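Engineer: just coords:
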């Protein structure tokens, strides 16, 4: 029975550490260079205007559509971050009911160590931090 519980806990540890680990890029450098929504909207609308030969009126409308999309996307990402944080806290609380205080301390050390090793966050790409990792970095 202890082996089964141990395997379950190990599986949960492995899966949760990958979800909440910072990638190696997250602790280095500044926040996303494109985190400024207006700069991103301008850059994308300029590219579309050039490629699609948009009129000034079309470009203005496209900028409004892009801004609306980015605002909605940011809201979704914030909600996702809150849900993942809540899930992690729930997992940690439940784990605390099974592990001894010493085991819990060791688990927390393991989680810290996995983030220091540079476990890759699937959302961070090309040296840029995802919004979730930016928020986690800001929380530290």
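Structural biologist: On my side now, so go ahead. The model shown is predicted, which means the values in this text are computed figures rather than measured ones. Residues are numbered from 1 along each chain as shown.
Engineer: low-confidence ranges in this protein?
Structural biologist: Filtered on pLDDT under 70, the chain yields the residue ranges 1-35, 114-127, 137-140.
Engineer: which one's the longest helix in it?
Structural biologist: Looking across the chain with DSSP state H, the single longest helix is helix 56-98.
Engineer: what's downstream of that helix, the next helix or strand?
Structural biologist: Downstream of helix 56-98, the next assigned helix or strand under DSSP states H and E is helix 101-116.
Engineer: who does the longest helix of the chain touch, helix- and strand-wise?
Structural biologist: helix 2-20, helix 37-52, helix 101-116, helix 131-139 (3 or more CB pairs under 8 Å, 6 or more residues apart in numbering; DSSP states H and E). Where C-beta positions appear, they are placed from N, C-alpha and C, glycine not excepted.
Engineer: Go again with 7 Å.
Structural biologist: Packing partners of helix 56-98 (3 or more CB pairs under 7 Å, 6 or more residues apart in numbering; DSSP states H and E): helix 2-20, helix 37-52, helix 131-139.
Engineer: Would you mind getting the angle between it and helix 37-52?
Structural biologist: 130 degrees (axes from the mean of the first three to the mean of the last three CA atoms, to 10 degrees).
Engineer: mind listing what residue 79 touches?
Structural biologist: By CB atoms under 7 Å, 6 or more residues apart in numbering, residue 79 lies in contact with nothing.
Engineer: gap between it and residue 132?
Structural biologist: In this view, residue 79 and residue 132 are 11 Å apart by CB to CB, to the nearest Å.
Engineer: Check residue 82 too.
Structural biologist: Using CB to CB, residue 82 is found at 10 Å from residue 132.
Engineer: Fine by me, thanks again.
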